[in-house]
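In: The sequence isn't on hand, but the structure is:
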């Protein structure tokens, strides 16, 4: 064994039989340890390479692991099996049930099925795309967490409605002979539970099982793995409970605790030396993650002889934050740090909207790793824009229909006979309904007022004077949705238009912004420039310089995180973001967002405190 490995790494590499869990901190060289161990088992211990199964969580990660192993062994054709959980489980059920690749449903096809079911059930949502995404995510969670559907309570619709969608989708998928990625796991679990002969065959094929990023396993993946690994127990898992950030799809950090209980005599090896981050970054991030209670206690330290830089920027608002980030990016570029080695990391994919516009103004290339939704396509903003269009003279029937009863004016769409709308004729048709006539008169008076306003005060008037905020609140309560999310979108929109002087300027900006996003989707394929990336997607990546934006309460931790478990996951996300930085970490703390005062994130506070200890 070469002396370049630490004692802990050597111990992990040379582990041969029995269960072993490697708790690997950020930048601790876990991929090197895994590939080196595979080589050690084959070339030093004499294990048949065909008996070795290596599981990673994404196809890209599995491919990279295999490539690194081939490079390490100088391209020797060892028949080690590399794959993802899904690919391995699908191979098992495909072999048993004689399935073909055409049996797997495409995601867009599944979305269409759910949309069709919701239409047939007369479930109408303004934000239908978001609801469909949420329904699909919850269906996946039910399957991955092995939850009885009768005991699951949906977060955004009555439980009975969600259960109907779940059951109807399952029935429809069976009717058309399709399965999804979660079904692969459910079917594999059922097969191995009921067919001991097939289970024994699989156990004989996979005699040595290694799993990377073990903390990201969900319940059903773990249960299948446990069946395959016993009774030989040659189970070697590598993970970091501090980097478990996929709770929304069933991953739990407790899975690592369960492993040590389910596999008796598990050897635990800690890789605490961080080869990525300079010492101050390691110290600050350690100060943050230490506050989590449900974790393996480990000593994390940096191998770097450099202190590195950790900056906390207290700024006034998002405009100042954007300017500060732009300046820092340009200054670092001037020092010789390429744009590609710099990353802006944020909690949600809506945060960098205005930063994107600024980067374009300064001709700074960038890549957005997660698709950034166009705020002007969100239904609440579209409704407000329709009001503004009507105030500017748009009398089309389609526009009027979209805002007719938002809030309710008790005017039936059957009364809208002309296109464009003739208000005098409409008023005459409503003559027997005084309340409807009064509502129409108020609407027309509101339009005259809005016409004279600038976009920002017009938005406030539409929300409060016209009553759009009340409509959103009532609609959200009826649909069991979080009204705060919709108010936040409108606040964000407000902050974007606060200095605009005319509707012409607003609609020109919308056109430019939409065009910019379309062009950026093409540019993203090239992967050039400053990396704009969410905390979730940043896991596993590293950069010379990192900028974490909006480090305030309500953003990180996210406002929806209420329970202790949810807050611990939020802390892990912040920790992941911090430990992406090799040499320089910048944390931005705006005092105001959308005109509202904000408190410094408890995570940023903990990081700051750790540096002064």
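Out: Cool, the structure landed. Note that the coordinates shown come from a computational prediction; the quantities given were computed from them, not determined experimentally.

In: Give me the most central residue, the protein.
Out: The centroid of the chain falls nearest to residue 536 when counting by Cα atoms, centre = their mean (5.3 Å).

In: packing partners for the helix or strand that contains that residue?
Out: Applying DSSP states H and E as the criterion places residue 536 in helix 535-538. On a contact count with 3 or more Cβ pairs under 8 Å, 6 or more residues apart in numbering; DSSP states H and E, helix 535-538 meets strand 342-346, helix 564-578. To be clear about C-beta, it is placed using only N, CA and C from the backbone, and glycine gets the same treatment.

In: go with 10 Å
Out: Helices and strands touching helix 535-538, by 3 or more Cβ pairs under 10 Å, 6 or more residues apart in numbering; DSSP states H and E, are strand 342-346, strand 543-548, helix 564-578.

In: Now the ones you listed in a markdown table, please, with extra columns for distance to residue 115.
Out: Shown next, in a markdown table, are the helices and strands packed on helix 535-538 (distance: least, Cβ to Cβ, whole Å):
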| stretch | distance to residue 115 |
| --- | --- |
| strand 342-346 | 30 |
| strand 543-548 | 37 |
| helix 564-578 | 29 |
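
In: can you tell me which of the ones you listed comes nearest to residue 164?
Out: Comparison of those against residue 164 by Cβ to Cβ identifies helix 564-578 as nearest, at 27.7 Å.

In: got the angle between the closest one and strand 342-346?
Out: 170 degrees (axes from the mean of the first three to the mean of the last three Cα atoms, to 10 degrees).

In: what separates whatever helix or strand comes next after helix 564-578 from the chain centre, distance-wise?
Out: For helix 564-578, the succeeding helix or strand toward the C-terminus, using DSSP H and E, is strand 581-590. Distance of strand 581-590 from the chain centroid (Cα atoms, centre = their mean, to the nearest Å) equals 21 Å.

In: ok, back up a step: out of the helices and strands packed on helix 535-538, which one sits most buried?
Out: Highest mean neighbour count among the helices and strands packed on helix 535-538 (mean count of other Cβ atoms under 10 Å): strand 342-346, with a mean of 26.

In: follow-up on the earlier one: excluding sequence neighbours, find me the nearest residue to the residue nearest to the centre of the chain.
Out: Distances taken as Cβ to Cβ, 6 or more residues apart in numbering place residue 245 nearest to residue 536, at 5.9 Å, with adjacent residues excluded.

In: Show me where the stretch 451-600 of the chain has its helices.
Out: Taking DSSP state H, counting those that start in this stretch as the criterion, the stretch 451-600 of the chain carries its helices at 455-460, 468-479, 483-497, 503-523, 535-538, 564-578.

In: Select, out of those helices, the one closest to residue 154.
Out: Among the helices of the stretch 451-600 of the chain, helix 468-479 sits nearest to residue 154 (Cβ to Cβ), with 10.9 Å.

In: For the closest one, what is the distance to the chain centroid?
Out: 26 Å.

In: What are the contacting residues of that helix?
Out: 123-127, 131, 156-158, 379-380, 383-384, 387, 403, 405-408, 459-464, 467, 481-487, 489-490 (Cβ atoms under 10 Å, 6 or more residues apart in numbering).

In: now it: mean pLDDT?
Out: For helix 468-479, mean pLDDT rounds to 88.

In: wait, doesn't residue 88 sit right on residue 59?
Out: No. Taking contacts as Cβ atoms under 10 Å, residue 88 lies outside contact range of residue 59: 11.9 Å.

In: So which of these two has more stuff around it?
Out: residue 88 (24 against 13; other Cβ atoms under 10 Å).

In: Check which helix or strand that one maps to.
Out: Counting by DSSP H and E, residue 88 is found in helix 85-97.

In: Over that helix, what's the mean pLDDT, rounded is fine.
Out: 90.

In: Distance to residue 68 and mean pLDDT for the helices and strands packed on helix 535-538 - can I get that in TSV?
Out: Listed next are those as TSV, based on distance: least, Cβ to Cβ, whole Å; pLDDT from 0 to 100:
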stretch	distance to residue 68	mean pLDDT
strand 342-346	23	97
strand 543-548	20	98
helix 564-578	22	95
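
In: Tell me which of these lies nearest to residue 354.
Out: So among those, strand 342-346 is nearest, using Cβ to Cβ, at 12.0 Å.

In: right, and the helix or strand after the closest one?
Out: Past strand 342-346, the next helix or strand by DSSP H and E is helix 353-361.
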